[in-house]
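Q: Sequence and predicted structure, then a few things I'm wondering about:
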Amino acid sequence: MNRKEKEEAVRQLHHSFKELNNVFLVDFRGLKVVDAISLRRKVKGVASHYQVVKNTLALRAIEDTPLEGLKDEFIGPTAVAYTKQDSAVLAKVLIGFAADQAGVRIKKAIVDGELLTAEEVKELAYLPPKLELIGKLVSVLKYPLSGMLSYLQTPISNFIWTIDQIRLQKGQQQEP
């Protein structure tokens with residue numbers, strides 16, 4: 001790789017890194033090519049990206065980006081997995097793959113601007129997807145409202161039922 005190619009690679013990486021909020025650094029020591037291809041496919045399947053980066057180029061590219069907090073982690077074989085979608089989904093894929101492959105591990109991550117350790121990434125992976133969490137929140141918020149609505153409707157329903165019963169009784173008394 002000549003100097004111009006390196007500068008172009010740094011520029012492209014910097015442009016990509018500048019827009020990212022959900023980034024995972026992966027150590028892929030001992031990963032076979034077949035397994036690396038499998039990991040790329042799995043990551044791509046969840047609308048994410050996986051890119052092996054040269055540490056010296058990555059260190060230049062992360063300057064003035066949200067990823068500056070990860071600069072100490074660019075040691076040894078490093079790949080960057082990133083997404084603009086739900087970070088928990090990508091974390092599940094990476095943690096699941098790392099569990100099957102002995103040499104693969106998560107170094108650190110930045111999720112929504114927060115620096116996470118490998119253990120915190122594991123916790124994130126066990127969370128349900130964002131849409132499911134929002135659905136649960138909505139149902140929890142909806143329950144008291146539906147209970148209150150039922151409570152407010154009960155007196156009106158009882159009143160209408162009472163009026164209807166009186167009407168039926170008066171109707172039966174007038175028939176004979």
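A: Structure's in. What do you need? On a predicted model such as this, the values are computed, not experimentally measured, just so you know.
Q: Point out where this protein drops to low pLDDT.
A: Residues of the chain that meet the criterion pLDDT under 70 lie in 173-176.
Q: Domains in it, by residue range?
A: Domains of the chain are assigned by automatic domain parsing as 3-127, 128-176.
Q: In a markdown table, list those domains along with mean neighbour count.
A: All C-beta atoms are positioned from the backbone trio N, CA, C, and that covers glycine. Output for the domains of the chain, formatted as a markdown table (neighbours: other Cβ atoms under 10 Å):
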| stretch | mean neighbour count |
| --- | --- |
| domain 3-127 | 17 |
| domain 128-176 | 10 |
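Q: Look up how far I62 lies from S16.
A: As judged by Cβ to Cβ, to the nearest Å, S16 and I62 stand 10 Å apart.
Q: before we move on, what about Y126?
A: 28 Å.
Q: Just the strands from the chain, written as ranges.
A: If DSSP state E is used as the criterion, the strands of the chain fall at 22-28, 48-53, 78-83, 104-111, 114-117.
Q: now the ones you listed as a markdown table including distance to L133?
A: Output for the strands of the chain, formatted as a markdown table (distance: least, Cβ to Cβ, whole Å):
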| stretch | distance to L133 |
| --- | --- |
| strand 22-28 | 16 |
| strand 48-53 | 19 |
| strand 78-83 | 17 |
| strand 104-111 | 14 |
| strand 114-117 | 17 |
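Q: thought V23 was touching A79?
A: No - V23 is not in contact with A79 according to Cβ atoms under 8 Å; the separation is 10.9 Å.
Q: Now for the nearest residue to G103 once chain neighbours are set aside: which residues touch it?
A: Using Cβ to Cβ, 6 or more residues apart in numbering and skipping the chain neighbours, the partner closest in space to G103 is G30 (2.9 Å). Residues in contact with G30 (Cβ atoms under 8 Å, 6 or more residues apart in numbering) are 101-104.
Q: Out of those residues, which comes closest to K71?
A: Nearest to K71 among the contacts of G30 is V104, at 21.5 Å by Cβ to Cβ.
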